[in-house]
Structures are given as C-alpha cells and as structure tokens.
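Q: Sequence isn't available, so here's the structure alone:
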C-alpha cells in the first residue's frame with residue numbers, strides 16, 4: 001500500500017514478482033524525466049536519481065522492497081503519484 005508521508009514523499013512497495021528490473025526501471029525513469037526538478041528514489045540510507053535507469057538498478061530491489069519517492073519541488077508531486085501508481089500496479093507484469 002502506498003502511504004503519503006511528509007516532505008513531498010510517497011512510500012511505495014515493489015509488488016511485481018521480478019522486482020525492479022530494467023523494464024520497470026525504464027518506466028520510472030521516463031516519468032521522472034518529466035519533472036521540473038529532481039525526483040529521488042530512496043532505499044534505506046541510499047538515495048538515487050529516479051531519472052537514471054542505472055541508478056535505480058543499483059538499488060537491487062526485489063519483490064517486497066519498500067522505497068520512498070521524493071520530489072524536490074512540490075509541483076512534481078503529480079509525477080510522484082504516477083510513479084507510485086506504476087509500483088501499485090506491479091508495472092503491469
């Protein structure tokens with residue numbers, strides 16, 4: 001379940017069986033590139049640029065991994081919501 005927290009963040013969980021591999025990472029990056037400022041993907045104490053497929057893949061997210069999406073600018077929260085929906089739907093896999 002996705003929970004809106006504070007500071008322009010949204011908690012998401014990887015729900016697809018294969019985890020956050022190249023195709024889902026590309027979908028996240030494609031949306032993040034539409035933002036006016038940076039969108040970050042955070043796992044534990046690691047923060048990566050959500051517009052970089054390679055950065056996303058370095059997080060090694062398996063099914064069940066919890067992440068935080070963070071928009072630097074609150075005007076990008078609509079994009080964060082779209083990315084969260086991808087996670088919620090398991091990237092249609």
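A: Alright, I've got the coordinates. Here the structure is a predicted model, which is why all the values come from computation and not from measurement.

Q: now the host helix or strand of residue 10: how far from the chain's centre is it?
A: Using DSSP states H and E, residue 10 sits in strand 9-13. Between the centre of strand 9-13 and the centre of its chain there are 7 Å (CA atoms, centre = their mean, to the nearest Å).

Q: Partner strands of it and their direction?
A: Strand 9-13 pairs in its sheet with strand 3-4 (antiparallel), strand 66-71 (antiparallel), by DSSP bridges.

Q: Show me what counts as buried in the last one.
A: By 16 or more other CB atoms under 10 Å, the buried positions in strand 66-71 come out as 67-71. Every residue, glycine included, has its C-beta placed from N, CA and C.

Q: Format these as a markdown table; extra columns: pLDDT.
A: Output for the buried residues of strand 66-71, formatted as a markdown table (pLDDT from 0 to 100):
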| residue | pLDDT |
| --- | --- |
| 67 | 98 |
| 68 | 97 |
| 69 | 97 |
| 70 | 96 |
| 71 | 95 |
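
Q: Out of those, flag the one nearest to residue 86.
A: Ranked by distance to residue 86 (CB to CB), these are led by residue 69 at 10.3 Å.

Q: and for stretch 16-33, what are the contacting residues?
A: 14, 39, 41, 49-53, 56-57, 59-63, 65, 79, 82-83, 86, 90-91, 93 (CB atoms under 8 Å, 6 or more residues apart in numbering).

Q: now, which of those lie within helices?
A: Among the contacts of stretch 16-33, the subset assigned to helices under DSSP state H consists of 53, 56-57, 79, 82-83, 86.

Q: re the thing from before, show me just the buried residues among the contacts of stretch 16-33.
A: Here, 16+ other CB under 10 Å leaves 14, 39, 41, 50-53, 56-57, 59, 61, 65, 79, 83, 86, 91 buried among these.

Q: For residue 91, see how far away the residue lying closest to residue 13 once chain neighbours are set aside is.
A: If the residues on either side of it in the chain are set aside, residue 13 comes closest to residue 66, at 5.2 Å by CB to CB, 6 or more residues apart in numbering. Between residue 66 and residue 91 the distance is 16 Å, computed by CB to CB, to the nearest Å.
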